[in-house]
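[1] This is a predicted model, with the sequence first.
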Amino acid sequence: MMESTSETITIAAEEHGQRLDRALAARLPSLSRSRLKVLILDGRVAVAGRTIRDPATHVNSGDSITVTLPAPEPAEPAGENIPLIIVYEDDALIVIDKPAGLVVHPAAGHASGTLVNALIAHCGASLSGIGGVKRPGIVHRLDKDTSGLMVVAKTDKAHRALGKQFADKIGSELKRNYLAFVWGAPERPRGTIDAPLDRHRYARDRRAVREGGRAAVTHWEVKERFAGPDGKPVASLLACTLETGRTHQIRVHLAHIGHPIMGDQTYATGFQTKISRLAPAARAALEALGRQALHAYRLGFEHPATGETMEFEADLPPDLARLRAALQAPLAK
């Protein structure tokens with residue numbers, strides 16, 4: 001097994017006052033600045049023996065900086081015996097109902113235990129390699145803590161054809177529908193959010209509505225409204241339809257209109273106090289959820305080999321079904 005390695009440099013006088021990431025990028029050309037930022041944020045850079053996690057930290061002349069490089073991961077993920085909920089499968093593709101908590105493909109911090117590892121074990125040599133060895137067959141993705149339907153290509157031909165359908169073309173026959181439990185109750189029964197998305201200015205793992213970002217359109221419709229013990233609306237169940245497929249799109253868009261998804265620890269932090277407005281059973285169900293209350297319940301596409309229109313639906317998983325029942329309880333007579 002390969003072990004981690006380290007590089008140590010000493011800051012010269014002319015480098016005094018530079019940002020840490022820039023100083024390292026100049027002295028370690030084999031590592032990109034973005035890679036160095038990740039290493040710093042992961043606590044793998046020490047200045048004078050002290051771990052530094054801020055890439056913008058200024059360095060001083062004579063500082064000794066050590067960068068620890070993690071052992072390289074295998075080029076190809078290995079198959080793992082991870083149970084899959086298979087909704088449909090043929091020679092060209094497989095449709096699965098992904099549980100919350102399952103990462104789609106290997107990445108930093110998730111080298112194993114992913115959907116890709118499970119698919120390799122299940123599909124064997126038939127799994128498509130298009131998209132890179134770390135993402136074989138993957139044409140779209142769901143966040144780790146979002147449950148629901150995904151389609152994966154098993155051949156190169158299927159991967160190319162499905163990839164075209166997921167290419168954010170307005171008017172496409174592709175159907176991507178989600179159920180989201182959100183804070184508050186929209187006044188209108190339905191609406192459209194047309195707001196461009198880009199990386200957050202300061203948080204590398206977040207997205208934000210930003211002028212000049214990539215076009216993003218989400219349609220929503222109120223399916224249910226839930227009252228608290230005081231009889232006033234406290235939450236709603238929305239059906240959302242994606243017209244584009246940006247990272248965190250539904251989560252950011254719903255937060256943008258003032259109705260963030262319940263349980264979302266990234267985009268609903270300003271709504272944490274609203275949990276006190278829930279009935280005890282609903283509060284307990286939300287606290288037990290441990291994730292954003294978002295589920296990809298419907299997926300439709302054209303079969304890449306036959307041209308047949310395929311459409312699948314997945315019921316709410318048990319954790320969201322419990323939340324829904326608990327939210328409905330205050331209305332029961």
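    Yes, it's here.
[2] how close does the spatially most central residue of the chain get to D205?
    Closest to where the C-alpha atoms of the chain average out (C-alpha atoms, centre = their mean) is D143, at 2.7 Å. Here D143 is placed at a distance of 11 Å from D205 (C-beta to C-beta, to the nearest Å). In this view, the C-beta of every residue, glycine as well, is placed from N, C-alpha and C.
[3] With W183 instead?
    22 Å.
[4] Between the two, which is the more surrounded one?
    Using other C-beta atoms under 10 Å, the more surrounded residue of W183 and D205 is W183, with 24 against 10.
[5] In contact with the more buried one, which residues?
    234-235, 259-262, 268, 271, 274 (C-beta atoms under 8 Å, 6 or more residues apart in numbering).
[6] show me where pLDDT drops low in the protein?
    Applying pLDDT under 70 to the chain flags residues 1-4, 71-75, 108-109, 130-132, 168-172, 330-333.
[7] go again using 80 as the cut-off
    In the predicted model of the chain, residues 1-5, 29-34, 70-76, 106-111, 125-126, 128-134, 167-173, 203-205, 272, 330-333 satisfy pLDDT under 80.
[8] what are the ranges of the helices in it?
    Ranges of helices in the chain, per DSSP state H, are 20-27, 33-41, 115-123, 156-165, 249-256, 280-289, 318-328.
[9] tell me, what's touching D143 and D205 both at once?
    Counting by C-beta under 8 Å, 6+ apart, D143 and D205 have no common neighbour.
[10] Specify the beta-bridge partners of the closest residue to P189 other than its chain neighbours.
    In space, and not counting its chain neighbours, P189 is closest to V222: 5.3 Å by C-beta to C-beta, 6 or more residues apart in numbering. When bridges are called by DSSP bridges, V222 pairs up with L238.
[11] Quick check: V222 vs G213, distance?
    Here V222 is placed at a distance of 27 Å from G213 (C-beta to C-beta).
[12] who has more neighbours, these two?
    Legend: neighbour count by other C-beta under 10 Å for V222 and G213, higher for V222 (18 against 15).
[13] quick one, which of the helices of the chain is nearest to P77?
    helix 115-123 (5.4 Å; C-beta to C-beta).
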